[in-house]
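Undergrad: Starting from these lines, generate the structure:
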Amino acid sequence: MKNANKFSFVNPKRTPFYYGYVVLGIGSVGILASIPGQTVGVSVFTDPVKDALGLTRNQFSNAYMIGTLISAFFVSKAGVLFDKYGARFVAFFAAFLLGVSLLMFSISVKISTFFKSIFYTDSWLVPFLIITFLFFCIRFCGQGVLTMSSRNMIMMWFDKNRGKMNSISSITVSLGFSCSPILINKLIDTNGWQMSWQILAICLFIFSFFIIQFYRNKPEDFDLVPDGFQKKSNKEKEKEQNFTLAEAKKTRTFWMFGLTLAFNSFFITGFTFHIVSIFAGQEYTKTAAIAVFLPISVIAIFVSTLCNILSDYINHKIYLYMMLVSGVLASLGLLLLSNSIGVYLLIIGLGLFGGLFAVVNAVSWPRFYGRKYLGSITGKVMSFLVIASAIAPSLFSYCFSFFNSYSFISYLTIPFLLFLIVASFKVKAT
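TA: Numbering: from 1, shown residues only. This is a model prediction of the structure:
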């Protein structure tokens with residue numbers, strides 16, 4: 001790639017150690033930087049923002065759904081841009097635009113008031129449309145492009161040690177994601193939700209500079225090789241297979257793994273988005289509800305560390321079934337949440353699911369389909385995840401509105417998981 005080091009003072013060829021370790025560190029930070037665009041980051045803002053804009057819970061959830069669904073269409077296109085231009089520039093624009101979107105979010109009430117005065121109306125539709133557009137921006141830039149490009153970049157720099165390196169990244173990301181609701185909630189309590197978004201935006205602008213300095217697309221751009229080992233022999237190169245997106249979509253593996261990851265996105269998004277409301281029915285305070293993320297993250301970190309290390313050696317079909325069983329446990333936990341056993345099942349299920357997600361969503365795709373078209377393949381999978389995360393808050397919200405309980409969503413999720421379990425029997429061992 002021409003000008004692979006443009007605008008940067010850092011040259012990977014001159015570092016005294018393999019530059020992939022720098023990529024590992026900065027890429028992990030990049031995934032953490034997407035938190036303001038992730039459900040775990042948005043959920044803490046849900047109640048104060050919807051109240052400030054005069055929206056009901058269902059209206060706010062629908063805005064989130066529509067904005068996220070629209071972003072899903074563009075995420076798959078961003079995967080093609082990743083293959084063409086690399087992680088460096090794609091991640092830079094994603095981080096910078098995410099910061100701009102957060103600034104707009106911080107003044108969304110003023111924007112809403114301005115347009116209401118222009119059109120001489122006090123309709124809820126005005127803030128609804130504004131918030132829908134802003135949700136599109138942060139979901140596309142944060143959950144979609146910044147996450148995908150950062151994770152894929154790490155995978156591009158490693159091959160034989162891909163699982164081991166991803167275990168280190170997963171620990172960092174899991175800790176960051178689990179702590180973020182507590183930290184953001186404290187930030188809001190101290191500074192208010194508007195100022196909190198502005199602070200996060202400034203952090204993203206600063207990080208954009210570091211992306212240009214330290215993000216690098218692939219080792220081959222600098223005459224380096226994955227893992228930092230000696231170049232592969234011709235026989236090893238011949239064994240490498242690089243599937244196009246069209247070829248990958250013809251395999252059962254692509255759909256079973258993709259749909260399982262999408263379910264993870266659906267369930268965790270719905271649960272996280274309404275976590276305060278879900279546990280309020282069990283007489284949990286807001287602080288106690290958010291604290292549930294801690295034991296979930298402890299389990300997730302342990303599982304992701306172990307399974308990442310083993311992923312270099314074992315059949316990934318095992319992980320697929322472990323994820324599906326974890327989903328069943330989490331669904332049963334939500335169904336039985338009125339009993340103490342439900343809380344434990346929910347924590348264990350989400351912990352296992354989250355830990356395995358960190359492995360499969362990063363390591364499995366380059367192992368199955370190679371690195372050459374990794375952006376377009378993972379971009380398509382990311383669109384599944386984004387669509388699932390878009391639908392979840394509204395379905396959870398309507399479930400609560402009609403049945404006065406979130407537990408009934410399990411009557412939809414459990415049959416779907418059982419279908420995936422049966423359909424996965426013929427997935428080829430890889």
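Undergrad: C-alpha only now, for contacts and for neighbours.
TA: OK.
Undergrad: Now do the same contact list for residue 20.
TA: Residues near residue 20 by C-alpha atoms under 8 Å, 6 or more residues apart in numbering: 154, 157, 158, 219, 226, 227, 228.
Undergrad: Just name the closest of the residues you listed to residue 11, please.
TA: In terms of C-alpha to C-alpha, no member of the contacts of residue 20 lies closer to residue 11 than residue 219, at 11.6 Å.
Undergrad: still on that earlier bit, looking at the contacts of residue 20, which one is closest to residue 264?
TA: residue 154 (22.1 Å).
Undergrad: Please name the residues that touch that closest one.
TA: Shown in contact with residue 154 (C-alpha under 8 Å, 6+ apart): 20, 23, 24, 27, 166.
Undergrad: shouldn't residue 40 be in contact with residue 273?
TA: Yes. Between residue 40 and residue 273 a contact is recorded at 7.2 Å, counting by C-alpha atoms under 8 Å.
Undergrad: the more surrounded of the two?
TA: residue 273 (28 against 23; other C-alpha atoms under 10 Å).
Undergrad: pLDDT value on that one, please?
TA: With respect to pLDDT, residue 273 scores 78.
Undergrad: How many neighbouring residues does residue 340 have?
TA: Neighbours around residue 340, by other C-alpha under 10 Å: 10.
Undergrad: So for it, what's the pLDDT?
TA: On the pLDDT scale, residue 340 is placed at 79.
Undergrad: Over to residue 47?
TA: pLDDT at residue 47 comes out at 84.
Undergrad: among the contacts of residue 154, who's most crowded?
TA: Taking other C-alpha under 10 Å as the neighbour criterion, residue 27 ranks highest of the contacts of residue 154 with 29 neighbours.
Undergrad: if I look at it, how far off is residue 165?
TA: For residue 27, the distance to residue 165 (C-alpha to C-alpha, to the nearest Å) stands at 11 Å.
Undergrad: Okay, now the unreliable bits of the stretch 51-200 of the chain?
TA: Applying pLDDT under 70 to the stretch 51-200 of the chain picks out no residues at all.
Undergrad: What separation do you get for the closest residue to residue 278 other than its chain neighbours and residue 325?
TA: Excluding its sequence neighbours, the residue lying closest to residue 278 (C-alpha to C-alpha, 6 or more residues apart in numbering) is residue 406, at 6.7 Å. Remark: distance between residue 406 and residue 325 (C-alpha to C-alpha) = 21 Å.
Undergrad: More neighbours: the two, which one.
TA: Between residue 406 and residue 325, residue 406 has the larger neighbour count (other C-alpha under 10 Å), namely 25 against 19.
Undergrad: Would you check that that one makes contact with residue 394?
TA: No. With contact defined as C-alpha under 8 Å, residue 406 does not reach residue 394; the gap is 11.4 Å.
Undergrad: list the residues that contact both of those two?
TA: By C-alpha under 8 Å, 6+ apart, no residue touches both residue 406 and residue 394.
Undergrad: hmm, back to that, now, among the contacts of residue 154, which is nearest to residue 259?
TA: For these, the nearest to residue 259 is residue 166 (21.7 Å; C-alpha to C-alpha).
Undergrad: Pull the contacting residues for residue 312.
TA: Residue 312 neighbours (C-alpha under 8 Å, 6+ apart): 160, 161, 162, 163, 164.
Undergrad: If you rank those by neighbours, which is first?
TA: residue 163 leads the contacts of residue 312 on contacts (other C-alpha under 10 Å) with 27 neighbours.
Undergrad: What helix or strand is that one located in?
TA: Assessed by DSSP states H and E, residue 163 sits inside helix 162-214.
Undergrad: Run through the neighbouring helices and strands of that helix.
TA: If contacts are counted by 3 or more C-alpha pairs under 8 Å, 6 or more residues apart in numbering; DSSP states H and E, helix 162-214 sits against helix 20-33, helix 39-42, helix 87-106, helix 147-156, helix 286-290, helix 293-310, helix 340-359.
Undergrad: try 7 Å
TA: With contacts defined as 3 or more C-alpha pairs under 7 Å, 6 or more residues apart in numbering; DSSP states H and E, the packing partners of helix 162-214 are helix 20-33, helix 39-42, helix 87-106, helix 293-310.
Undergrad: nearest to residue 150, of these?
TA: Among the helices and strands packed on helix 162-214, helix 20-33 comes nearest to residue 150, with 4.8 Å by C-alpha to C-alpha.
Undergrad: chain center to the helix or strand containing residue 73, what's the gap?
TA: Element membership for residue 73 (DSSP H and E) is helix 57-85. Mean-position distance between helix 57-85 and its chain equals 12 Å (C-alpha atoms, centre = their mean, to the nearest Å).
Undergrad: do stretch 141-158 as well
TA: Worked out by C-alpha atoms, centre = their mean, stretch 141-158 lies 10 Å from the chain centre.
Undergrad: How about stretch 32-49?
TA: Remark: stretch 32-49 is offset 12 Å from the chain centroid, using C-alpha atoms, centre = their mean.
Undergrad: If you count neighbours, what's buried in that stretch?
TA: 32-47, 49 (16 or more other C-alpha atoms under 10 Å).
Undergrad: what residues does that stretch touch?
TA: Here stretch 32-49 makes contact (C-alpha atoms under 7 Å, 6 or more residues apart in numbering) with 138-139, 142-143, 146-147, 173, 176, 180-181, 185, 193, 204, 269, 272-273.
Undergrad: quick one: which of these has the most company?
TA: So for the contacts of stretch 32-49 (other C-alpha under 10 Å), the most neighbours sit at residue 139, 32 neighbours.
Undergrad: Regarding it, what is its secondary structure?
TA: helix (DSSP: H, G, I helix; E, B strand; the rest coil).
Undergrad: now it: how far from residue 127?
TA: Residue 139 sits at a distance of 18 Å from residue 127 (criterion: C-alpha to C-alpha).
Undergrad: Could you do residue 329 as well?
TA: 38 Å.
Undergrad: Mind checking which of those two has more residues around it?
TA: Comparing residue 329 with residue 127 by other C-alpha under 10 Å, the one with more neighbours is residue 127, at 27 against 23.
Undergrad: burial of residue 133, as a residue count?
TA: Residue 133 has 20 neighbouring residues, counting by other C-alpha under 10 Å.
Undergrad: Ignore what I typed, I meant residue 228.
TA: By other C-alpha under 10 Å, 16 other residues sit near residue 228.
Undergrad: Tell me the one among the contacts of residue 312 nearest to residue 319.
TA: Checking the contacts of residue 312 against residue 319 by C-alpha to C-alpha gives residue 163 as the nearest, at 13.1 Å.
Undergrad: Looks like that closest one contacts residue 363 (just checking).
TA: Yes. Look at residue 163 against residue 363 with C-alpha atoms under 7 Å: they come within range, at 6.3 Å.
Undergrad: got the CA positions of stretch 176-188 in CSV?
TA: The C-alpha trace of stretch 176-188 is given here as CSV (Å, rounded to 0.1, in the frame of the first residue of the first chain):
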residue,chain,number,x,y,z
GLY,A,176,-13.5,-1.5,30.0
PHE,A,177,-17.0,-2.4,28.9
SER,A,178,-18.0,-3.7,32.3
CYS,A,179,-16.7,-0.6,34.1
SER,A,180,-18.0,1.9,31.6
PRO,A,181,-21.7,2.0,32.8
ILE,A,182,-20.5,2.7,36.3
LEU,A,183,-18.0,5.4,35.2
ILE,A,184,-20.4,7.0,32.8
ASN,A,185,-23.1,7.1,35.4
LYS,A,186,-20.7,8.8,37.8
LEU,A,187,-19.8,11.2,35.1
ILE,A,188,-23.4,12.1,34.5
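Undergrad: Good, wrapping up.
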